[in-house]
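A.B. asks: okay, structure incoming, though there's no sequence with it:
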């Protein structure tokens, strides 16, 4: 994975939360929060929390005596996430690398991570760290996007930018968020990390937006895809966004648009 794939700075965190979260993350976050809460953890860790969509969905479902440690490697994303919630004594915000967690062995009842493991350079190491900090009998719950062809707006934007930059197409979406959805590989990496009880559920939902421009902005300006576009031509971010929006409109219409998104939800113990 390219180092630029991990850079969420400037206006990216705000655009990510404003546009991308309702487009593709919110429904899966609500689902993950329900799954986590059903296990009644008293001590839990979230890794790669991003702008805090799972944190916001989950905190309302936790008991008053729960202790919820929310982490991300990217400080601007973590700072933004903290602004979206009122002070809550149950939450500890902490910058942390999921591959080198600063916590003692057997600290947490549960570790969760929504759509973050694809950004880990060494996923097996991160899985091993998750297992290390889990108490005996604890659970690791996380989700990953399926391949880009099953996530239509992301695929539409990637194809549009390939037309705009034919000599060096931006491939962030296909390479990283949608590049690690092979369930056989996920299971193998978890087993190598020491997990033995693994379930994988594939779930498809509909991504909806009031106009074709919203998914174009979400992907082109709310993810590190922006860095790739600007690296090719710093003046063409708006033009690239407009072109992606026009291609989405051609395929899905010019009013409200909807398309498939698909992910895997994994539980390991």
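C.D. replies: Sure thing, it's come through. If you're wondering where the values come from, they're calculated on a predicted model, not measured in any experiment.
A.B. asks: nearest residue to the middle of this protein?
C.D. replies: Nearest to the mean C-alpha position of the chain, by C-alpha atoms, centre = their mean, lies residue 115 at 3.0 Å.
A.B. asks: contacts only, for that residue.
C.D. replies: Residue 115 is in contact with 25, 28, 48, 50, 143, 144, 145, 177, 263, counting by C-beta atoms under 8 Å, 6 or more residues apart in numbering. Heads up, the C-betas are built off the backbone N, CA and C, glycines and all.
A.B. asks: who wins for neighbours among those?
C.D. replies: Of all those, the highest neighbour tally under other C-beta atoms under 10 Å goes to residue 50, namely 27 neighbours.
A.B. asks: ok, that residue - contacts?
C.D. replies: Counting by C-beta under 8 Å, 6+ apart, residue 50 has contacts 8, 16, 72, 74, 77, 81, 114, 115, 116.
A.B. asks: that's a helix at residue 185, yeah?
C.D. replies: Yes: under DSSP: H, G, I helix; E, B strand; the rest coil, residue 185 falls within a helix.
A.B. asks: pLDDT wise, what is it at?
C.D. replies: The model reports residue 185 with a pLDDT of 98.
A.B. asks: one more: residue 13?
C.D. replies: 72.
A.B. asks: what is the neighbour count of it?
C.D. replies: Residue 13 has 22 neighbours, counted by other C-beta under 10 Å.
A.B. asks: residues contacting it?
C.D. replies: Residues near residue 13 by C-beta under 8 Å, 6+ apart: 51, 76, 77, 79, 80.
A.B. asks: most neighbours of all those, which one?
C.D. replies: Across these, neighbour numbers were computed from other C-beta under 10 Å; residue 51 holds the maximum, 30 neighbours.
A.B. asks: from residue 235, how far out is it?
C.D. replies: According to C-beta to C-beta, to the nearest Å, residue 51 and residue 235 sit 27 Å apart.
A.B. asks: now residue 35
C.D. replies: 44 Å.
A.B. asks: who has more neighbours, those two?
C.D. replies: residue 35 (18 against 7).
A.B. asks: helix, strand or coil: sort out the more buried one for me.
C.D. replies: What three-state DSSP gives for residue 35 is helix.
A.B. asks: do you know how far it is from residue 127?
C.D. replies: Counting by C-beta to C-beta, the gap from residue 35 to residue 127 is 18 Å.
A.B. asks: before we move on, what about residue 155?
C.D. replies: From residue 155 across to residue 127, the span is 28 Å (C-beta to C-beta).
A.B. asks: between the two, which one's more packed in?
C.D. replies: Legend: neighbour count by other C-beta under 10 Å for residue 155 and residue 127, higher for residue 127 (28 against 18).
A.B. asks: give me the helices and strands touching the host helix or strand of that one, please.
C.D. replies: Taking DSSP states H and E as the criterion, residue 127 maps to helix 123-133. Packing partners of helix 123-133 (3 or more C-beta pairs under 8 Å, 6 or more residues apart in numbering; DSSP states H and E): strand 108-114, strand 134-145, helix 183-192.
A.B. asks: relative to helix 123-133, how tilted is the first one?
C.D. replies: If you take axes from the mean of the first three to the mean of the last three C-alpha atoms, to 10 degrees, strand 108-114 sits at 150 degrees to helix 123-133.
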